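> Structure for this input, please:
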Amino acid sequence: MDPSKTETNAAKGTPLSTESKVLETGAAAGQSFGPVKALCAHLNAFHVYASDASRCVEANHYCAHLNEDVRQCLIYDSPESNARIIGIEYMISTALYKTLDAEERKLWHSHVFEVKSGMLIMPGPDGLPTGVWEAAETKEMEQVIGLYGKTYHFWQVDRGDKLPLGGPELMMSFTKDGQQEGLKELIKERDSRFGISSEQKAGKREYIEEPEIHTDADMMWKSGGGK
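Numbering: from 1, shown residues only. A predicted model of the protein is given here:
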């Protein structure tokens with residue numbers, strides 16, 4: 001079977017062989033997977049390409065804390081077990097962001113609009129009462145709203161790539177309504193899949209204080225890259 005002409009899990013390649021499955025099971029039983037076990041939060045939002053403000057992609061972040069000021073997230077194209085890793089995001093506190101030089105700060109984005117608009121969500125587990133989970137989610141948003149993120153995507157799934165092709169793409173966040181045509185429809189479809197309402201979440205987050213965003217952040221929207 002030619003792997004270049006076969007597709008498995010939305011990627012070029014053949015299905016796992018019996019031998020690979022056996023080896024996979026044995027390795028999983030014997031290794032600790034410490035870094036993966038440190039993951040503590042699943043966040044979902046939409047990233048926009050810094051090089052092309054007309055393109056965005058849904059991003060499922062699986063995040064861990066390195067310390068109180070630094071988080072690191074693997075980004076997948078879905079929350080399913082066969083999801084593709086499409087990028088990474090680092091999140092740092094405002095205190096650390098201010099220590100970066102001016103050119104470096106331009107590569108980072110804020111999370112204020114994502115949080116306040118309800119676009120950024122923390123999907124809940126099945127079976128847990130919505131109110132209980134939303135309380136935990138909202139507390140998480142109290143922290144995320146003040147963080148700055150630096151994100152690169154390696155797999156451009158939005159254009160149908162079956163392999164991670166080309167160089168890494170710097171990604172940014174949306175900072176206000178109307179920055180991309182069709183975004184509201186994408187959010188509505190996402191909300192339907194997760195059984196939530198971004199508008200309702202925005203209402204529950206009204207009390208969260210908006211921090212001042214550093215002038216060097218979200219630079220794509222200030223340098224002619226977006227609206």
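> Average pLDDT for the lengthiest helix in the chain, rounded please.
The helix that spans the most residues within the chain, counting by DSSP state H, is helix 130-144. Looking at helix 130-144 alone, the average pLDDT works out to 91.
> in it, what's buried?
With burial defined by 16 or more other Cβ atoms under 10 Å, the residues of helix 130-144 counted as buried are Glu134, Glu137, Thr138, Glu140, Met141, Val144. (C-beta placed from N, C-alpha, C; glycine too.)
> for stretch 59-66, same thing?
So for stretch 59-66, counting by 16+ other Cβ under 10 Å, buried means Ala59, Asn60, His61, Tyr62, Cys63, Ala64.
> From Ala83, how far off is the last one?
Taking Cβ to Cβ, to the nearest Å as the measure, Ala64 and Ala83 are separated by 17 Å.
> The second one now?
Counting by Cβ to Cβ, the gap from Asn60 to Ala83 is 7 Å.
> which neighbours do the two share?
Tyr76, Asp77 (Cβ atoms under 8 Å, 6 or more residues apart in numbering).
> check contacts around the closest residue to Ser4 other than its chain neighbours.
Distance criterion Cβ to Cβ, 6 or more residues apart in numbering; nearest residue to Ser4, sequence neighbours excluded, is Lys12 at 6.1 Å. Taking Cβ under 8 Å, 6+ apart, we find Lys12 in contact with Pro3, Ser4, Thr6, Lys162, Leu163.
> ranges for the helices of this structure?
With DSSP H applied, the chain shows helices at 18-30, 34-37, 94-97, 102-105, 112-117, 130-144, 183-194, 198-204, listed in chain order.
> ok, and which of those helices has the densest surroundings?
With neighbours taken as mean count of other Cβ atoms under 10 Å, these reach their highest mean count in helix 112-117, at a mean of 21.
> In terms of secondary structure, what does that one contact?
helix 198-204 (3 or more Cβ pairs under 8 Å, 6 or more residues apart in numbering; DSSP states H and E).
> State the mean pLDDT of the helix it packs on.
When the per-residue pLDDT values of helix 198-204 are averaged, the result is 96.
> Find the least confident helix or strand in this structure, judged by mean pLDDT.
Every helix and strand of the chain was ranked by mean pLDDT, DSSP states H and E. The lowest is helix 18-30, at a mean of 68.
> before we move on, the earlier item: who's the residue nearest to Ser4 bridged to?
Note on Lys12: beta-bridge partners Glu7, judged by DSSP bridges.
> of the buried residues of helix 130-144, closest to Glu68?
Distances from the buried residues of helix 130-144 to Glu68 were compared by Cβ to Cβ; the smallest belongs to Val144, at 13.3 Å.
> in the chain, what spans have low per-residue confidence?
Residues of the chain meeting the criterion pLDDT under 70: 5, 16, 20-28, 224-227.
> helices and strands around the longest strand anywhere in it, which ones?
Ranked by residue count under DSSP state E, the longest strand found in the chain is strand 52-67. Here strand 52-67 is seen to pack against strand 41-49, strand 70-76, strand 85-92, helix 183-194 when contacts are counted using 3+ Cβ pairs under 8 Å, 6+ apart.
> again, only using 10 Å
Applying 3 or more Cβ pairs under 10 Å, 6 or more residues apart in numbering; DSSP states H and E, one finds that strand 52-67 contacts helix 34-37, strand 41-49, strand 70-76, strand 85-92, strand 148-153, strand 169-172, helix 183-194.
> If anything else comes up later, I'll come back, but that's it for now.
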